[in-house]
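Undergrad: model this:
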Amino acid sequence: MRQEIVKVDITVIGGGLAGVCAAVAAARLGSKVALVHNRPVLGGNSSSEVRVWVCGATGHGIHRYARETGIMGEMFVENQYRNKEGNPYYWDLVVLETVRNEPNISLYLNTDVHEVEAEGPEADRRIKSVTGWMMASERRIRFESEQYIDCTGDGLVGFLAGAKYRLGRESKDEYQEAWAPDVADEITLGSTILFYTRDEGRPVKYVPPSFARDITQTTIPLKRVIRSGDSGCHYWWIEWGGEHDTVHDNEKIRDELWAAIYGIWDYIKNSGQFDADNMTLEWVGAVPGKREYRRFVGDYVLNQNDILAQREFEDRIGFGGWSIDLHPPQGMYAEESGSKHLYMDGVYPIPFRSLYSVNVSNMLMAGRNISATHVAFGTTRVMATCAVLGEAAGTGAALCVKHGVTPRTVAQEYRHELQQTLLKQDASVIGVAYADPHDLARTAKVEASNYMRSIRIERSDETAMLAEDVGILLPVDQLSRLELLLDANEATQLEIELWSTGRPENYVPYTKEASVLLDLPAGERQWALCDLAWKPSQPQNAFIIVKANAAVELHLSHEPMTGVIGFVGTNTTRAAATTENREASQPVLTWSMKKYARKPFCLRTVGTTEVYCPSQVQNGFIRPYGGPNMWVSEPSNEPQWLEFSWDETVVVKEVQLVFNDDVNEDLINLHHHRTDFEVIPELVKDYSLQALIDGEWRTIHRETDNRKRKRTHPLSQPVATSALRLVLEATNGCSRFEVIRVSIYS
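TA: Numbers count the residues shown, from 1 in each chain. The predicted structure is shown next:
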């Protein structure tokens, strides 16, 4: 047996998406990182071994402008380019390459950590080392670090180190959570195994194994959706083990899941109820995808009330948005629905204090084992949110190394640096603006070749009857009037309302600000003028509600407009957000954008607006928050430019650019749904950087075929200049140029 010792700054145990993002974040900040994973491929439940699709704050299109940025966002966008069909093996490569691109990461696959050396009293423990066995290589490897991040999911490292943890469900009284049980117990969410099918083009028989479950003797055929053409994510409900110990009973749970899968396939193939003669099983998972086990106790325990209130923690470092999604303990054999969902009105912040142990001074955690109650965990557990928390934990660990302090000290004394570091790396901290004093762009005078001074969506591609209320979201700094393109089949009246959305991160109607009743003559393609004057105290989104009227059709364009979204409303009498009955009134479900995704209603605003002006790139917000927060040019086939100038000469060594990758587009890694384009159309494709030198504009860098949101360009030689231009030459399909942030460093 080979005995090895690895000494690095940070050891990350667990190579799921939380661990991957933790390792990459810390490595990019200069820390030496060991990433240790007990499987042969990275990605955890999202890998080709398990094949769970990556969910996150978008809730698959429920929440608006909610897709993750940062490292998780990079992987989403890269996977879309390489793998829009959702091949699980191609996704493996995206994740693996993300890690291998970082020279500060040492990767140890097939290495199972099951020994932890820790010291100190129970209330103040410290990890000295963790030791793993590399399977098939007969290597016993001891990892010694300043900081450790437990991303194991099950929380084995923290458990062996003596970290305080919770298992199961808290009682309703402990955190006053409406969805908690009256009495605490050890029930968890169960585990799942998925399967894939394939059409062979000829009849294929299926002889079930002797252990296959006869599902006709269960509630499955009556209570679950079974179709012959479905596979993979459609069968998320094949879940079991919530009433068992999902770790110690893992083999038993796997066997029961296998029995169910082969029984379900027997039912599909041999019951005669499905068109499945030519179908065969292509793949059946062997590794149960676990949902829940230990949750560590941190300095703060996130709970249901924090989630629904979207509590603005001072130490917020990331966000979620998936519903509170809890499943019955009996899993697939339960008579009730396979899941129940409770949505907040928009995305919610997560505090850094939930990402480190309350009693192990050099241990952080990320993933499904963070400090949260069982109910709150029902939303934080999804993988894209786990990835966001991994990036925050890795960033926090790197600051611990940098300053020689504990995670608690980072939370107390370096919170601002933590948030600003995350923002500089393009991770999202909702409601916090990037404000680096070293960024020369913040003090520059910024001008542009032009910008959108009003919102005009004039090209009609189809019409939609007003059978239901519809909503239109648009950014407003001042609004005097609005015009809508419509057809009226007869003379009629049309009722229109203007609502504010409450919180800047929310996109649902909250407070009615104005209304108007229009008298419409019969006629096609008429621009109806709506007198909806509103000047909010600060720029924000307006939510326009056009009331149902079967005599009216609104025109739709197939050319998206950044900042403008269309909705269809159901049960709209409950449109305003309420807290009295959250289960009955969930505004994000009342107003759905899926029908009108990238198909805005034709409209024109009357008067000018500054919501797309050049100075938007200086406001520090790197995602939509009370507005798009980006410069948007007028539509043009000609190059456009952004210019930064100073009264005195500055020295430029590096330029960072953040382009618009439309975080309203719900990307997916596998096969839950499909997005047709490979590259986000709004992303700038070709551009150059020019500096004013000796009175002439000289190109100092040029880029072609860009498909990424964030680009960093260190210059080969420092440039002394009084002005810098970003010249934009082409996009990936959008008719406008859109830039979120430009940062310039010396």
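
Undergrad: what sits up against stretch 206-218?
TA: Stretch 206-218 has contacts (Cβ atoms under 8 Å, 6 or more residues apart in numbering) with 221, 255-256, 258-260, 262-267, 269-271, 280-281, 332-333. (Each C-beta comes from the backbone N, C-alpha and C, glycine too.)

Undergrad: any of these buried? List them.
TA: 256, 258-260, 262-267, 269, 280-281, 332-333 (16 or more other Cβ atoms under 10 Å).

Undergrad: nearest to Leu589, of those residues?
TA: Leu589 has its nearest neighbour among the buried ones among the contacts of stretch 206-218 in Met332, at 24.9 Å by Cβ to Cβ.

Undergrad: okay, the closest residue to Pro539 other than its chain neighbours: pLDDT?
TA: Spatially, and ignoring its direct neighbours in sequence, Pro539 is nearest to Asp477 (4.2 Å; Cβ to Cβ, 6 or more residues apart in numbering). According to the prediction, Asp477 has pLDDT 96.

Undergrad: do the same with Ser231
TA: On pLDDT, Ser231 comes in at 75.

Undergrad: what does Ser228 give?
TA: With respect to pLDDT, Ser228 has a value of 87.

Undergrad: so Val24 makes contact with Thr98?
TA: Yes. Counting by Cβ atoms under 8 Å, Val24 touches Thr98, with 6.1 Å between them.

Undergrad: ok, the two, which is more surrounded?
TA: Higher neighbour count among Val24 and Thr98: Val24, with 28 against 21, using other Cβ atoms under 10 Å.

Undergrad: how about the contacts made by that one?
TA: Residues in contact with Val24 (Cβ under 8 Å, 6+ apart) are 71, 98-99, 102, 105, 391, 394.

Undergrad: now with 6 Å, please.
TA: With contact set as Cβ atoms under 6 Å, 6 or more residues apart in numbering, Val24 has these partners: 71, 102.

Undergrad: quick check: domain ranges of the protein?
TA: Following automatic domain parsing, one finds the domains of the chain at 2-168+298-328+343-424, 191-284, 440-450+612-745, 456-606.

Undergrad: which non-adjacent residue is nearest Asp647?
TA: Ranked by Cβ to Cβ, 6+ apart and with sequence neighbours excluded, the top spatial neighbour of Asp647 is Ser722, at 7.7 Å.

Undergrad: surely that neighbour forms part of a strand?
TA: Yes. Assessed with DSSP: H, G, I helix; E, B strand; the rest coil, Ser722 lies in a strand.

Undergrad: list the residues that contact it.
TA: Listed by Cβ under 6 Å, 6+ apart, the contact partners of Ser722 are 646, 649, 692.

Undergrad: a markdown table for those residues, including distance to Ala528?
TA: A markdown table is the format used below for the contacts of Ser722 (distance: Cβ to Cβ, whole Å):
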| residue | distance to Ala528 |
| --- | --- |
| Trp646 | 47 |
| Thr649 | 54 |
| Leu692 | 48 |
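
Undergrad: now those residues: which count as buried?
TA: Among the contacts of Ser722, the ones that count as buried by 16+ other Cβ under 10 Å are 646, 692.

Undergrad: and the contacts of Ser722, which of them are in strands?
TA: Secondary structure from DSSP state E places 646, 649, 692 of these in strands.

Undergrad: closest to Thr380 out of those residues?
TA: Nearest to Thr380, judged by Cβ to Cβ, of the ones in strands among the contacts of Ser722 is Trp646 at 43.9 Å.

Undergrad: not counting its neighbours along the chain, what's nearest Leu484?
TA: Nearest to Leu484 is Ala528, by Cβ to Cβ, 6+ apart, at 5.0 Å.

Undergrad: OK, contacts around that neighbour?
TA: Each residue near Ala528 by Cβ under 6 Å, 6+ apart is listed here: 484, 486, 518.

Undergrad: which one (most neighbours) among these?
TA: Result: Leu486 is most packed of these (other Cβ under 10 Å), 26 neighbours.

Undergrad: got a list of what that residue touches?
TA: Contacts of Leu486 by Cβ under 6 Å, 6+ apart are 528, 552, 554.

Undergrad: quick check: the last one is in a strand.
TA: Yes. Under three-state DSSP, Leu554 sits within a strand.

Undergrad: how far away is it from Lys599?
TA: 11 Å (Cβ to Cβ, to the nearest Å).
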